[in-house]
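Student: Take a look and give me a structure for this.
(one chain, ligands or ions: 2)
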Amino acid sequence: EIEEEELRARDFIQLLNKKTEEQNNRLTLAHWAYASNITDANLQHQLAVSAEVAKERKENWLEVIKFNWNTFSDYDLKRQFKKYSKLGSDALPEEKLNRLNKITSEMEKIYSTAKICAFDNNSTCDLALEPELTQTLANSRNPEELKHVWVEWRNAVGPHCRLLFEEYVDLSNEAARLNNFTNTAESWLDGYEDPQFRQQIESLWEQLKPLYLQIHAYVRFQLKKKYGDVVSEKGPIPAHLLGNMWAQRWRNVAQFNLPYPDKEEVDLTAELRAQNYTVDKIFRTAEDFFKSINLTEMPQTFWERSILEKPKDREMVCHASAWDFYDRKDFRIKQCTAITMEHFTTAHHEMGHVEYFIQYKNQPVKFRRGANSGFHEAVGDLISLSVESRKHLRKIGLLKSESDDPENVLNNLFQIGLDKIVFLPFGYLMDLWRWDVFEGKITPDEYNCKWWELREKYQGVEPPVNRTDQDFDPAAKYHIIASVPYIRYFVSFVIQFQFHRAVCEKAGQYDANDPSKPLHECDIYQNTEAGNALKKMLQLGSSRPWPDAIEVLTGQRTMDASALLEYFKPLHKWLEQENKKNKVFIGWEKSTKGCVN
Ligand SMILES: C=C(C[SeH])C(=O)N1CCC[C@H]1C(=O)O
Ligand SMILES: [Zn+2]
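Tutor: Numbers count the residues shown, from 1 in each chain. Ligands and ions are numbered 1, 2, ... in the order given. Predicted structure coming up:
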């Protein structure tokens, strides 16, 4: 029979969930107000609401731990109590929590408002990361201009965040210890509910590294043809030449790297502009795909309250984000959208977050999260894997040509590989660096040089100019200064292909034994069976451990690199042949540039 205490606990949790929804709503509104309009008043308001909510959560927590919840028989009740028993940074004494919140808000402000001067005109000094510097990194083919933007962005952010970041590390580690974790790394990994998680990630990287080495070697060979001695034959690739501020995705330099240069390159940016796509149409197109597979349309308030373009009259955090206001109705995206292929993909990525919010909105509030954080990052990307197929681009009129010959298909697969394969080492090294920082293995005096050691070891990239430990290059990446964990993206880039294989099988678009239905040509558009299978997994939220969730959709209970490798198999084969033909050196020798302590 149900213990009296468990009956009391049921009533208690109903009340607590109601209070928690209201707290989360109040907190998210205050955070949104600051992130969408960076003023001191909005910062003060956000800090005040955070302090208020922390106080209430601490009082609630004191009640939660009075229950002997480990003995409860009801699985959902026990799991909710377990989650409530982890207070997080609210466990810090009030003034320390306030300091921690102030530091991360301050670093976000520095990052989001940083401006640099133009390469060829030092009286134009209002260039921001979005859209100006992002566009330059994507489109300039002038190594000197690329170097200027790369260095000046880091000068504008790194030194100003350096001391704040050191204090942030100490305060967040103190909060972790108050939650009985050794440090923040352990607290961040707790969400994956698996003591073997780091080993699993290392093993996935070992399986995927050979594919990365091939695309890295091929791109270095092509870049050397284009840029000459700026690129060494056997060394790491200079990071500023790869079309992206962090060299985390290289699709912007596809046009002079294509396997079949005289065949077609899918230039979505040009096509979107040629067809006068607006920001609204980009998001409506994304919504249309989700609706077509029986997921949900965006509620009216989404269109009224989202901010989808950079405002002209105020400073805003431009890094794209999706927001759940925990009232089951209010869901928003904030994105400084430009009419580019990258932002077209990002719109799908962010709307994937909102679809997940909506699918689990009727779960108890503590279960309204991803099965793990990697799931949340994978939903939108999963849809983009269908969208970016030539078959789908033709369906929605973004690809004119009628035919799909093997060379065109391989060119397209290569472009997708410049996003997906290339990202893997970066997705891994970001938290390899941070876990070591939180664990004290990397001390402040070596923050920057250890960063460049990891960048060379995993990504095979080097800085365009020598760095020192006075620089603080990790701060040049949003997630570092905003305290957003990053291994979630590595997880996402692996599991999204497992999800893709499952939904494509359900849609009859992929069959392992039928060469006429390869995984990389699958498009699940308008297939409600695929959508319904995806929906069943999303509706679980974090109510079950993530192996249960992934099993619902894929039948597997583990992360598995085989789906990604299956998707890119034709490209992997082509790269190996091409690199052999060109006698290209695979891997990289030590950098002649780097970091001087
Ligand atoms: C689009 C978002 C917001 Se969740 C993002 O930060 N992403 C998406 C891909 C990887 C990572 C990045 O930009 O570094
Ligand atoms: Zn995301």
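Student: Could you use CA atoms for every contact and neighbour count after this?
Tutor: Noted.
Student: Could you report the distance from the residue nearest to Pro474 when sequence neighbours are not counted to ligand 1?
Tutor: The spatially closest residue to Pro474, leaving aside those adjacent along the chain, is Ile480, at 6.5 Å (C-alpha to C-alpha, 6 or more residues apart in numbering). From Ile480 across to ligand 1, the span is 10 Å (C-alpha to the nearest ligand atom, to the nearest Å).
Student: Neighbours of whatever residue of the stretch 401-550 of the chain ends up closest to ligand 1, how many?
Tutor: When scored by C-alpha to the nearest ligand atom, the stretch 401-550 of the chain has Tyr489 as its residue closest to ligand 1, at 5.9 Å. By other C-alpha atoms under 10 Å, 21 other residues sit near Tyr489.
Student: Tell me which residues touch Cys125, please.
Tutor: Lys115, Ile116, Cys117, Ala118 (C-alpha atoms under 8 Å, 6 or more residues apart in numbering).
Student: ugh, wrong one, Ile103
Tutor: Leu164, Phe165, Tyr168.
Student: State the mean pLDDT of the helix or strand in which it is found.
Tutor: Assigned by DSSP states H and E, Ile103 belongs to helix 94-113. Taken as a whole, helix 94-113 has a mean pLDDT of 98.
Student: ok now that helix, how far from the chain's centre?
Tutor: Offset of helix 94-113 from its chain centre (C-alpha atoms, centre = their mean, to the nearest Å): 21 Å.
Student: any residues touching the helix or strand following it, and which ones?
Tutor: Downstream of helix 94-113, the first helix or strand assigned by DSSP H and E is helix 134-139. With contact meaning C-alpha under 8 Å, 6+ apart, helix 134-139 is reached by Leu146, Val149, His240, Leu241, Leu242, Gly243, Asn244, Met245, Asn252, Val253.
Student: What about the third one, how many residues nearby?
Tutor: Residues contacting His240 under the criterion other C-alpha under 10 Å number 26.
Student: hang on, it packs against Ala247?
Tutor: Yes - His240 is within contact range of Ala247, at 7.2 Å (criterion: C-alpha atoms under 8 Å).
Student: quick revisit: including distance to Glu265, could the contacts of Cys125 go into CSV?
Tutor: Listed next are these as CSV, based on distance: C-alpha to C-alpha, whole Å:
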residue, distance to Glu265
Lys115, 33
Ile116, 33
Cys117, 33
Ala118, 30
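Student: Now the buried members of these.
Tutor: Buried members of the contacts of Cys125, counted by 16 or more other C-alpha atoms under 10 Å: Lys115, Ile116, Cys117, Ala118.
Student: Can you read off the pLDDT for Glu1?
Tutor: Looking at Glu1, the pLDDT reads 65.
Student: when you give positions from now on, start the count at 23
Tutor: Shifting the count to begin at 23 puts that one at Glu23.
Student: Which parts of the biggest helix by length in the chain count as buried, going by neighbours?
Tutor: Looking across the chain with DSSP state H, the single longest helix is helix 165-200. For helix 165-200, the neighbour count (16+ other C-alpha under 10 Å) marks 165, 167-173, 175-180, 182-184, 186-187, 190-200 as buried.
Student: Backbone dihedrals for Leu264, both of them.
Tutor: Note on Leu264: its backbone torsions stand at phi -110, psi 10 [degrees, to the nearest 10].
Student: That one against Ala276, yeah?
Tutor: No - the criterion here is C-alpha under 8 Å, and Leu264 misses it with Ala276 at 9.4 Å.
Student: Tell me which of these two has more neighbours.
Tutor: A count of neighbours by other C-alpha under 10 Å puts Leu264 above the other of Leu264 and Ala276, at 26 against 22.
Student: Next SSE downstream of the helix or strand where His375 lies?
Tutor: Assigned by DSSP H and E, His375 belongs to helix 363-381. Once helix 363-381 ends, the next helix or strand along the chain (criterion: DSSP H and E) is helix 395-409.
Student: packing partners for that following helix?
Tutor: helix 363-381, helix 509-528 (3 or more C-alpha pairs under 8 Å, 6 or more residues apart in numbering; DSSP states H and E).
Student: re earlier: for the contacts of Ile125, give me TSV that also has distance to Leu476 and pLDDT.
Tutor: Shown next, in TSV, are those (distance: C-alpha to C-alpha, whole Å; pLDDT from 0 to 100):
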residue	distance to Leu476	pLDDT
Leu186	22	98
Phe187	19	98
Tyr190	22	98
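Student: How about the residue in the stretch 123-272 of the chain that ligand 1 sits nearest to: what's its closest non-neighbour residue?
Tutor: Nearest residue of the stretch 123-272 of the chain to ligand 1: Gln270, at 7.5 Å (C-alpha to the nearest ligand atom). Once flanking residues are discounted, Gln270 sits nearest to Phe445: 5.1 Å by C-alpha to C-alpha, 6+ apart.
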